[in-house]
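Got a sequence here, can you build the structure:
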Amino acid sequence: MAKSKLVAANEKIADTVTTGFKKMSDGVVRGFDKMSNSVVNGYTKIEDKFVDRYLTKDGESVEEAKKRLKGEEKIREQEHEEKFNK
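From the prediction side, this is the model:
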């Protein structure tokens, strides 16, 4: 059976809308990813400078200080759990 002109036109419109939406969606996602990466990178730079200036000990690198701080945090969390789980 032959398709009517109306059905063919409807399919063409649907394809065009779908393609346009896909392009727009991809652009929005790419823009969000760029913005998100910029925010995270900016935060990491600020965090590293703060740790370097205020939290490192003599001769300790920023990475070493962060690792030490995470270890200290785990110890505090364990102590807190032990204190309140008695």
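
In this structure, mark out all the strands, start to finish.
Shown for the chain, no strands are assigned by DSSP state E.

which stretches of it form helices?
If you assign secondary structure with DSSP state H, the helices in the chain sit at 5-50, 62-84.

and for the last one, what are the contacting residues?
The contact list for helix 62-84, computed with Cβ atoms under 8 Å, 6 or more residues apart in numbering, reads 48, 51-52, 55-57, 60. For the C-beta atoms, the positions are set from N, CA and C on the backbone; glycine is no exception.

Show the buried residues in those residues.
Neighbour counting by 16 or more other Cβ atoms under 10 Å classes 51, 56 among the contacts of helix 62-84 as buried.

Dump the contacts of helix 62-84 to JSON lines, plus pLDDT.
Putting the contacts of helix 62-84 into JSON lines (pLDDT from 0 to 100) gives the following:
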{"residue": "48", "pLDDT": "97"}
{"residue": "51", "pLDDT": "97"}
{"residue": "52", "pLDDT": "96"}
{"residue": "55", "pLDDT": "96"}
{"residue": "56", "pLDDT": "96"}
{"residue": "57", "pLDDT": "94"}
{"residue": "60", "pLDDT": "96"}
